[in-house]
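Student: Compute the structure for the input listed below.
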Amino acid sequence: MAAALRGGAVRPAKPRARKPAPAPARKTAAKPASAKPAGYVPAKLGAVRNVNLPPQFAAAVIGGLAVLGLAAGLLPDHHAQKLMAAIGEGLDNQLGKAGLRVKALTIQGASPQAEPAIAAAAGVYKDQPLLGVDLAAIRGNVEKVGWVKAARVVRLFPDTVVIDVTQRQTLAVWQHAGRTTVVDSDGAPIPEADPGRFADLPLIVGDGANEAVSAILPILNKHPTVMQRVEALVRVDDRRWDLRMRDGGLVQLPAIGEDSALIQLETLDQKSRILELGFERIDLRDPEMVAVRPRGETAAQPAQAAGA
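Tutor: This is a model prediction of the structure:
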């Protein structure tokens, strides 16, 4: 041990006081690796909780998924399918007991005339387990309804099924082969539509009239003086139109250039008031000449329209 010198005397150096050894750390039981913090919720159950569903429902979903997974893994395919169907039915019942049953069906985007057919096609019934509703099947059935162009079906927790549709727009009433149907803007029939409730739509007659009407109506609407007197549009040989007037007269339009022909007719009416006085037939098929048959005469008389 080294010594310290002081005042000529030799004194042994005082040993330095040793720091007390730190107290041994208190041993605690190690937490198992699988321990979860307080308030932990399994991922699937947490997803369910995010939509504010009853805890009974969450438990039923998780339990049902686990059982279905075991059934699929342990049994042959045909047995697994039967068991899973039975388990699914039991899961639906548990969900129903948890309060998740259908209480309302909401249809959006449909007219009052279309709603009954859409509801019937959906086949949703009151108190049906909400999670047992087959959304894809409902959509397929609803899109078979003539009124419906496209559909989307969703569950609205806790008790509602919502069907949102894009409805076909009615365009005309079509008489064909002894039947009368309403057609949409593409010419497709809407079987569920009652033609008697669409008296304001133009009446079209003949083969191919349903497919050609979307082209002729915008032209006729440009000539309201003529259009307001039309009773029906008759398709001739699927290539041109005859206009059957309310007073019994007939206007024969050409296969092409219908707009020019109607301008000729309006010019003739301004000169002779032919639409007011009445006629049996007006032939506009020749762009160079308008032939008019007055009532009671057997032959058409040429009438040169001013400016024609």
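Student: Does anything pack onto the strand or helix carrying D164? Which helices or strands?
Tutor: Per DSSP states H and E, D164 falls inside strand 160-167. Using 3 or more C-beta pairs under 8 Å, 6 or more residues apart in numbering; DSSP states H and E, the elements in contact with strand 160-167 are strand 104-108, helix 115-122, helix 135-142, strand 148-156. Every residue, glycine included, has its C-beta placed from N, CA and C.
Student: Given it, what are its sheet partners and their directions?
Tutor: strand 104-108 (parallel), strand 148-156 (antiparallel) (DSSP bridges).
Student: Same question for the first one: list its buried residues.
Tutor: Just to be clear, that refers to strand 104-108. If you call a residue buried by 16 or more other C-beta atoms under 10 Å, then strand 104-108 has these buried ones: 105, 107.
Student: Contacts for it next, please.
Tutor: 115, 118-119, 122, 124, 156, 159-165 (C-beta atoms under 8 Å, 6 or more residues apart in numbering).
Student: Now list the buried members of those residues.
Tutor: With burial judged by 16+ other C-beta under 10 Å, the buried subset of these is 118-119, 122, 124, 161, 163, 165.
Student: Can you say which two of the residues you listed are spatially most distant?
Tutor: Using C-beta to C-beta, these span at most 14.2 Å, a distance reached by V124 and V165.
Student: got a markdown table for the contacts of strand 104-108, with distance to D283 and pLDDT too?
Tutor: Formatted as a markdown table, the contacts of strand 104-108 follow (distance: C-beta to C-beta, whole Å; pLDDT from 0 to 100):
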| residue | distance to D283 | pLDDT |
| --- | --- | --- |
| E115 | 47 | 97 |
| I118 | 47 | 98 |
| A119 | 51 | 97 |
| A122 | 53 | 97 |
| V124 | 57 | 96 |
| L156 | 61 | 94 |
| D159 | 66 | 95 |
| T160 | 61 | 96 |
| V161 | 58 | 97 |
| V162 | 56 | 98 |
| I163 | 51 | 98 |
| D164 | 50 | 98 |
| V165 | 46 | 98 |
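Student: Check those residues and tell me the two furthest apart.
Tutor: The span of these, defined through C-beta to C-beta, is set by D159 and V165 at 20.9 Å.
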